[in-house]
Structures are given as structure tokens and as C-alpha cells.
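[1] Sharing a sequence plus its predicted fold:
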Amino acid sequence: MAHSSPIAASLDELASWRAALDRHLARLGQALVEQDLLDDGDAARLGGLRERLGSDKLVLAFVAEFSRGKSELINAIFFGDSGRRVLPATPGRTTMCPVELRHDRGQAPRLALLPIETRLRGLALAELRPRDDHWQIVPLDPGDPQALAQALGAVTRTQRVSVEQAAALGLWSEQQPDDNPPQAADGSVEIPAWRHAVINYPHPLLERGLVVIDTPGLNAVGAEPELTLGLLPTAHAVVFVLGADTGVTRSDLTIWREHLGQARVETFVVLNKIDTLVDPLASAGAVAAQIERQREITAETLAVPPQRVYALSARAALAARVDGNAAALQASRLPPLEQALVAELLPRRRQLLLQSALDVIEQLRGAAARRLGDRRRQQSEQLLELRGLRGKSGAKLRLLIERADAEVAEFEQCTGRLAALRAVQMRMLRALLAPLSSDALRSEVAAMQSALRARLLGVGGRGAFDTLMQRLRGALKQAATQSLEMRQMLDASFSQLNADFAFSFVLAPPPSMDPWLAEIDLIDQNYSRYLGLSQAWRMAAPGFGEQFRRMLLSKLRVVFENAAGELELWSKGATSQVDVQLRERRRAYARRREALQRVQFAAGELEQRIDEVQTQDQHLQHLERRLDAVAADAAASARSLVDAPARPVLARQDAA
């Protein structure tokens with residue numbers, strides 16, 4: 001019987017936690033909507049959080065040279081409970097192109113294959129993803145294991161082309177002969193048939209947000225900028241797979257140094273195929289010592305702590321998991337790696353989601369409390385006024401109605417000030433967002449492109465890129481400075497309006513630009529490696545340079561659009577509370593005038609109206625307690641899994 005892995009159980013817990021938290025957030029949002037306590041800005045924040053909870057992905061990338069057993073390791077960790085191999089991993093059937101395993105509910109199970117020839121068009125993978133006309137689509141039947149295995153076998157397909165064709169595709173270079181595929185007698189070379197493959201498969205782990213990236217070989221990693229510039233930097237962890245029988249080869253070391261060694265994501269090193277070191281003429285102790293020596297050499301070569309190197313047998317682990325053999329699974333030495341993924345990776349994902357959830361819940365709770373407090377203050381003022389009417393004449397009531405009308409007229413004078421304030425706010429916002437616009441970004445990248453075309457093979461290319469990065473950092477820092485100036489203006493205006501008209505405007509701090517500056521730093525780190533002299537031959541390859549530039553622009557656009565979006569949402573939050581409090585105040589004045597008129601024209605109406613106002617105040621108190629309870633439940637749900645006792649930790653790899 002197949003045995004599930006710890007990461008499967010942990011992902012299942014995470015999915016259940018997200019679903020429970022989303023239910024609490026939906027309840028909180030509904031309660032706020034029912035009482036007209038949710039403005040547009042807060043609704044957008046709540047909607048964004050719920051969308052993130054529903055679509056949050058955990059991305060794990062597996063990187064290795066050919067024939068290191070990477071696909072078998074993926075099968076052992078994630079798909080052992082399927083009772084079969086999901087990814088092809090038999091001898092002679094090596095994954096030849098980058099493969100993504102994921103599940104999108106809006107799509108039928110399928111295998112999407114992107115032909116290798118699309119590299120010639122200079123289009124980035126991100127541009128090709130939504131366009132099915134560029135892909136070959138193979139429907140999948142998850143209920144038919146044989147047909148599924150046969151369909152997935154397509155990722156191993158290759159084709160033979162001339163050296164000229166391989167060079168045009170970026171898979172052959174006279175400057176890097178050691179990386180070139182071997183030539184046949186007729187001069188042709190073997191290359192992958194596909195540039196990329198996406199498997200949409202309804203496996204329980206994939207349905208819960210797991211995305212697995214299977215990346216084959218140095219040539220694939222280096223030739224496809226989408227991997228090193230798009231997919232790998234966005235992964236939450238990278239598992240680098242080596243062969244225990246080969247150790248760290250030169251191509252392994254090249255992948256590590258050029259693409260992984262300086263990565264900002266969690267990296268786990270796996271020394272696979274320890275079963276190949278078993279020697280019938282050597283004792284178990286001698287074999288264990290040899291494995292330990294390989295671990296130490298690997299750690300020293302890659303300059304990582306020895307405890308970050310996990311020696312194991314993926315093939316033995318998969319067989320043990322399919323058979324339900326716990327002893328054999330322990331002997332495979334896979335559990336320490338799985339426990340490390342569970343202990344080090346998933347808690348950080350939960351913590352990030354938790355903090356986002358608590359921030360939004362607290363913001364909603366605070367905004368609702370302020371609005372309810374304002375309503376109660378207005379009720380209290382009305383109650384005092386009504387109690388003061390006891391024993392008053394009709395003439396006195398008319399004077400009070402006239403005074404109420406005068407107060408309304410005086411209050412309406414604030415609308416002019418608010419309109420002027422909004423005009424200044426929008427002018428400042430436009431100036432703030434202008435350097436972050438798509439047009440400004442295209443202009444900056446175009447200037448860099450001109451310099452790259454003029455001096456592609458010289459130091460000017462890197463200099464132009466560095467200048468671009470400095471200017472983009474400057475644009476984000478300028479936006480941060482302008483947002484603080486905008487906050488000072490709004491704070492001063494709100495304070496005066498609160499004093500003059502008894503509003504309760506509160507302005508949140510503007511969003512920090514630090515996360516987006518960190519994104520620019522990451523883009524700088526990943527993209528600049530292609531502008532050194534060692535990679536100049538790739539930039540000169542047909543289509544590669546254009547693809548590089550399109551990917552760079554696409555990546556920068558995401559950063560700047562998100563930064564601008566947060567600033568706009570912050571500004572909208574300030575505007576929304578003005579609209580809400582204006583609406584609330586006008587309703588209060590209308591209710592007050594109506595009450596005075598009813599008392600004026602109906603004997604006995606005064607005491608009834610006093611009772612109504614007292615009842616409404618009691619209702620507001622009850623509502624405040626109810627919303628506090630709903631928000632507290634949502635916060636408790638958010639903390640539940642994070643605060644749960646940790647599972648027992650398995651023995652560390654270096655003690656195994």
C-alpha cells in the first residue's frame with residue numbers, strides 16, 4: 001500500500017488552514033457589508049487576501065544534469081501514494097525539457113508542449129503561456145495509468161538537426177564547445193523536441209497549490225532564460241540533485257556557480273543514487289563511510305554546510321513508498337530531506353500568509369470600530385437633544401429644526417474643502433505614479449536596448465544595464481518620498497477637518513517600497529549574469545537577445561505595476577473613508593430632522609423617539625461586540641496552524 005510523505009500531510013494541513021481562514025474572512029466581510037461598514041479600499045484589501053489564499057502556490061524546483069535521478073526523486077517525494085511513476089524515470093527515458101506539474105481548476109487535465117522552434121521568434125514563455133495556438137495539447141485521462149504514462153513520455157522526445165539549426169536555437173556554440181551535444185556521423189546533433197512542458201494534472205497535492213518544476217541539464221538551464229530569470233527565482237525552494245556515483249562533475253559545478261550558488265531561495269542539495277555505492281564485497285559500515293565521505297566532499301566543493309547535503313536513494317524510496325514498507329523507506333534515507341522541506345519551507349509560507357491575514361483583519365476591525373464609534377457619538381448627541389425637548393413648546397421645536405437646518409448648511413461647506421483636497425490628492429498621485437507607469441518603463445528599457453545594440457559585446461552592455469537598474473531604483477525611492485509628502489498633506493488636512501467638522505479621518509502609513517526595491521535587486525542579480533563577457537555569445541545568438549529584453553521588460557512591468565497598485569490602493573483608502581463618513585453624517589442629520597418633525601407634529605412622539613435612539617445605541621453596542629468576535633475568530637483561525645505543536649523531527653541527515 002502506498003505511503004504518503006510528510007510534505008503531503010503538511011500541504012494538506014496548509015490547504016485546510018487556508019480554506020478555514022477564507023471561510024472566516026468571508027463571514028467577516030459579509031458582516032461588514034450588511035452594516036455598511038466596508039468601503040471600497042477595505043473591500044479591495046479583503047478581496048486581494050482571499051484571492052491570495054485561494055491561489056497561493058508553493059513552488060519547488062528540481063535542478064540537475066541529465067541522469068541524476070531527479071524525476072525519480074520527484075516521484076518518490078510527491079507521487080508515491082499514486083502507486084506508480086507519474087514522471088517518466090526509467091533508463092533511457094530522460095526528461096529533455098523543463099516540465100511544470102501544476103493544477104489549474106479552470107483547465108481540463110492535459111499535457112501542453114511548446115515546440116523548441118518557438119525560440120526563434122524571440123517570444124518569452126510568459127507571453128506564450130496564454131496562447132494555446134503555439135502549443136501542442138495532449139488531453140490526459142488521470143484514470144488510465146497506462147495512457148497517462150504514455151502521454152507523459154512525450155517530454156523525453158528529441159529530434160536531430162544540423163549544427164546550424166542548433167546554433168540558431170541557442171543549443172550549440174563554437175565558443176563553448178564542452179557544452180555542445182555530440183555530433184553523429186552525418187554531422188547532425190540531438191536536441192530536445194520541446195522548449196517547455198506544462199502538465200495540468202488533478203493530483204491531490206497539485207490541487208492544494210503545489211507546483212513542481214523539473215529542470216533538465218546545463219544546456220536547458222543556460223539556453224532558456226525563462227528558467228534562470230523567471231521560474232527559478234520565483235521558486236520557494238530549489239532541490240539540486242547530484243549523483244552519488246559521479247559526485248560533483250564539472251557541469252554540475254557550472255550549474256551551481258552560475259545559477260544556484262547565489263540564489264536567494266532555500267536550496268537543498270541531494271546526493272542521489274547511494275544504492276549504486278553498495279558493494280557486496282564491502283561491509284555495511286564501509287559503505288556508510290563512503291557515503292559520508294561523498295557528502296563531505298560535496299559540501300566542501302559547493303561551500304555549503306554538510307547538513308544541507310542529503311544522501312539518499314530515490315529509486316529505493318519510491319519502491320518502499322509504493323509497497324508501504326516503512327523500514328525500507330528509512331533505509332532509503334529520504335525522510336530527512338522531506339522533514340527539512342516540511343520544517344524549513346512550509347512554516348515560512350504559513351507565516352507570510354498569517355501576517356498578511358492579521359494585517360488585513362486588524363485594518364478592517366479598526367475601520368469598523370471607528371465608524372461605529374462615530375455612529376454612537378451622533379446617537380448620543382441626538383439623545384441629549386431629544387431629552388432636552390421634554391416640556392418644550394412648539395416654538396422651541398421650530399427653533400431647533402431651524403438650527404438643525406443651519407448646521408446642515410454649515411456642514412455642507414466642508415464638501416467644497418473636500419473637493420479641493422481630493423483635487424490636490426489626485427494631482428499628487430498622478431505625479432507620484434508617472435515614473436512607475438508602463439510608458440516610463442518602456443522608455444527606460446528602450447534607452448538600455450539602444451546601448452546594448454551599440455555595444456553588445458563590450459563593457460558598455462553591462463554599464464547600460466547598471467544605469468537602468470540605478471534609474472529604476474531611483475524611481476521607486478522617489479515614489480516613496482512623494483508618498484510621504486502626500487501623507488503629510490493629507491494628515492494636516494484631515495486633522496483640520498476632524499477639528500472643524502468632527503470627522504474621524506485616520507490615514508494609514510503609505511506602503512513601503514522596500515519589497516519592490518528588493519525585487520529590483522533580485523532582477524539585477526539574475527539578469528546581469530547574461531551581460532558579462534562569458535555569456536556574450538548567448539546574447540548574440542538569434543532570438544536570445546530579443547527574448548532577454550522582452551523578459552526583462554515583462555518582469556520589471558510586474559514590479560512597477562504592483563508598486564503602483566499598492567500606492568493607488570492606499571490613496572483610495574483615504575478617499576473611501578471620506579465618502580463613507582460624508583454619507584454617514586448626512587444620514588444622521590436626516591434622521592435628526594425627521595425626529596424633530598415627528599415630535600413637533602405628534603404628541604407622545606418624543607418619548608417613543610428617545611426609546612428608539614436608546615435601542616439603536618444598544619444595537620450598535622451589540623454590533624460592535626459581534627464584529628469584534630467575528631474578527632477575533634478570523635484572527636484565531638489564522639493563528640491556529642502556525643501555533644499548533646510541531647511534529648516530531650526526524651533524525652538529521654548527518655546523524656543518519
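    That came through fine. This structure is a prediction, so every number in the text was calculated from the model and none was measured.
[2] Assign a three-state SS to the nearest residue to Thr234 once chain neighbours are set aside, would you?
    The shortest distance from Thr234 to any non-neighbouring residue, by CB to CB, 6 or more residues apart in numbering, is to Val59 (6.3 Å). Yep, even glycine has a C-beta here, placed from its N, CA and C like the rest. Assigned with DSSP: H, G, I helix; E, B strand; the rest coil, Val59 falls in the strand class.
[3] Val59: what's it in contact with?
    By CB atoms under 8 Å, 6 or more residues apart in numbering, the contact set of Val59 is Val211, Ile213, Leu231, Thr234, Ala235, His236.
[4] distance of it from Arg315?
    Counting by CB to CB, to the nearest Å, the gap from Val59 to Arg315 is 25 Å.
[5] how far does the biggest helix by length in the chain sit from the chain's center?
    In the chain, assigned by DSSP state H, the helix with the most residues is helix 544-601. Distance, stretch centre to chain centre, for helix 544-601: 23 Å (CA atoms, centre = their mean, to the nearest Å).
[6] do stretch 161-178 as well
    36 Å.
[7] Output that stretch as CSV, restricted to C-alpha atoms.
    In CSV, the C-alpha atoms belonging to stretch 161-178 read as follows (Å, rounded to 0.1, in the frame of the first residue of the first chain):
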residue,chain,number,x,y,z
VAL,A,161,19.0,18.9,-36.5
SER,A,162,22.0,20.4,-38.2
VAL,A,163,24.6,22.3,-36.3
GLU,A,164,23.4,25.5,-37.9
GLN,A,165,19.9,24.9,-36.7
ALA,A,166,21.1,24.0,-33.2
ALA,A,167,23.1,27.2,-33.1
ALA,A,168,20.1,29.3,-34.2
LEU,A,169,18.2,27.7,-31.3
GLY,A,170,20.9,28.6,-28.8
LEU,A,171,21.8,24.9,-28.3
TRP,A,172,25.2,25.0,-30.0
SER,A,173,28.2,27.4,-29.6
GLU,A,174,31.6,27.4,-31.1
GLN,A,175,32.7,29.5,-28.1
GLN,A,176,31.5,26.8,-25.6
PRO,A,177,32.4,23.5,-27.2
ASP,A,178,32.3,21.5,-24.0
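[8] buried stuff in that stretch?
    Going by neighbour count (16 or more other CB atoms under 10 Å), the buried part of stretch 161-178 is Val161, Val163, Gln165, Ala166, Ala167, Ala168, Leu169, Gly170, Leu171, Trp172, Ser173.
[9] Closest one to Glu605 out of those, please.
    Gly170 (85.3 Å; CB to CB).
[10] so when I look at the closest one, I'm seeing a strand, right?
    No - under the criterion used here (three-state DSSP), Gly170 is coil, not part of a strand.
[11] Helix, strand or coil: sort out the spatially closest residue to Asn498 that is not a sequence neighbour for me.
    Nearest residue to Asn498 in three dimensions, chain neighbours excluded: Phe505, at 5.7 Å (CB to CB, 6+ apart). Three-state call for Phe505 (three-state DSSP): coil.
[12] what's Phe505 sitting at in phi/psi?
    Backbone geometry at Phe505, expressed as degrees, to the nearest 10, gives phi -70, psi 130.
[13] number of nearby residues for it?
    18 (other CB atoms under 10 Å).
[14] Contacts only, for it.
    Applying CB under 8 Å, 6+ apart to Phe505 gives the contacts Phe494, Leu497, Asn498, Ala574, Gln577, Val578, Gln581.
[15] Per-residue confidence, Glu444, what does it come out as?
    What the model reports for Glu444 is a pLDDT of 89.
[16] relative to helix 544-601, how tilted is whichever strand or helix holds it?
    Here Glu444, judged by DSSP states H and E, is contained in helix 438-454. Going by axes from the mean of the first three to the mean of the last three CA atoms, to 10 degrees, helix 438-454 is angled at 170 degrees with respect to helix 544-601.
[17] Next, the angle helix 544-601 makes with the helix or strand that comes right after helix 438-454.
    Sequence-wise, the next helix or strand downstream of helix 438-454 (DSSP H and E) is helix 459-501. Relative orientation of helix 459-501 and helix 544-601, computed by the same axes, to 10 degrees: 0 degrees.
[18] which stretches of this structure form strands?
    58-64, 99-102, 110-115, 136-139, 158-161, 189-192, 194-200, 210-216, 237-243, 266-272, 309-311 (DSSP state E).
[19] which other helices and strands contact the second one?
    Contact here means 3 or more CB pairs under 8 Å, 6 or more residues apart in numbering; DSSP states H and E; on that basis strand 99-102 packs against strand 194-200, strand 210-216.
[20] ok, now the third one?
    Using 3+ CB pairs under 8 Å, 6+ apart as the contact criterion, the elements in contact with strand 110-115 are strand 136-139, strand 194-200.
[21] mind putting these in a markdown table, mean neighbour count, mean pLDDT and distance to Glu561 included?
    Shown next, in a markdown table, are these (neighbours: other CB atoms under 10 Å; pLDDT from 0 to 100; distance: least, CB to CB, whole Å):
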| stretch | mean neighbour count | mean pLDDT | distance to Glu561 |
| --- | --- | --- | --- |
| strand 136-139 | 14 | 92 | 30 |
| strand 194-200 | 24 | 89 | 24 |
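[22] Would you mind giving those strands as CSV with distance to Gly69 added?
    Written out in CSV, the entries for the helices and strands packed on strand 110-115 read as follows (distance: least, CB to CB, whole Å):
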stretch, distance to Gly69
strand 136-139, 25
strand 194-200, 19
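[23] Any figure for the gap between Leu517 and Tyr201?
    37 Å.
[24] Please identify which of those two sits among more neighbours.
    Between Leu517 and Tyr201, Tyr201 has the larger neighbour count (other CB under 10 Å), namely 20 against 17.
[25] so how far is Val580 from the more buried one?
    Applying CB to CB, the value for Tyr201 to Val580 is 46 Å.
[26] Pro515 now?
    29 Å.
[27] The two - which one has more neighbours?
    Between Pro515 and Val580, counting by other CB under 10 Å, Val580 is the more crowded of the two (21 against 13).
[28] hang on, that one packs against Arg370?
    No - Val580 lies out of contact with Arg370 (CB atoms under 8 Å); the separation is 9.9 Å.
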